[in-house]
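# Here is my input; please provide its structure:
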Amino acid sequence: MKNILVVIDMQNGFVRDIDSAMLDRVRHLTTSNIFDAVIATRFVNEPDSSFVNILGWDKMMSGDELKLIDGLVYNVIFEKCTYSCVTDNFVDVCCRLNDCEMPTRLFLCGVDTDSCVLATAIDLFDHGIRPMLLPLLCFIR
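From the prediction side, this is the model:
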């Protein structure tokens, strides 16, 4: 089984207030060859989303704030429009990166620990995949 890292929403619009040394640790992790593959998720808000309609939050729709932070190295960018990235398509991507076998675990880091990282961990668990959180690399803005 391959070790796959999921870097959740490390985007300019989410990391403004995160210490640069912490961001450097995530960058280093993606370049260190510890993992066989790295999936970077990118959140894109949509005008008719629940974030806009229920929360009144209209950020992360376009421009520089959507870009992944400089220096990340990844095999796949997986776009999402909700808290979790775990969909059937995401699981298929993980299987392809794991030599066409369902992974039994995925390693997680990123932002926001209390929402996107947590939602992804719960959804992985519900799909029978063990979420392996890297707590020193999970950030709350």
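# Please identify which helix or strand holds the closest residue in space to Leu72 that isn't next to it in sequence.
Nearest residue to Leu72 in three dimensions, chain neighbours excluded: Thr30, at 5.2 Å (CB to CB, 6 or more residues apart in numbering). Just so you know, the C-beta spots here come from the backbone N, C-alpha and C atoms, and that holds for glycine as well. Taking DSSP states H and E as the definition, Thr30 sits inside helix 20-31.
# okay, the residue nearest to Leu72: pLDDT?
At Thr30 the predicted local confidence, pLDDT, stands at 96.
# and what of Leu55?
96.
# Just confirm it is within a strand.
No: the assignment for Leu55, made by DSSP: H, G, I helix; E, B strand; the rest coil, is coil rather than a strand.
# pretty sure Leu29 is touching Gly110, no?
No: Leu29 is beyond contact range of Gly110, at 10.8 Å (criterion: CB atoms under 8 Å).
# Off-centre distance for stretch 29-43?
Distance, stretch centre to chain centre, for stretch 29-43: 10 Å (CA atoms, centre = their mean, to the nearest Å).
# Then stretch 11-23?
Centre-to-centre, stretch 11-23 and its host chain are 14 Å apart (CA atoms, centre = their mean).
# Could you say which helix or strand holds Phe78?
Assigned by DSSP H and E, Phe78 belongs to strand 76-80.
# report the angle between the axes of the helix or strand that comes right after that strand and strand 76-80?
Heading C-terminal from strand 76-80, the first helix or strand you meet, by DSSP H and E, is helix 88-97. Orientation of helix 88-97 against strand 76-80 (axes from the mean of the first three to the mean of the last three CA atoms, to 10 degrees) gives an angle of 170 degrees.
# Please identify the buried residues of helix 88-97?
90-91, 93-94, 97 (16 or more other CB atoms under 10 Å).
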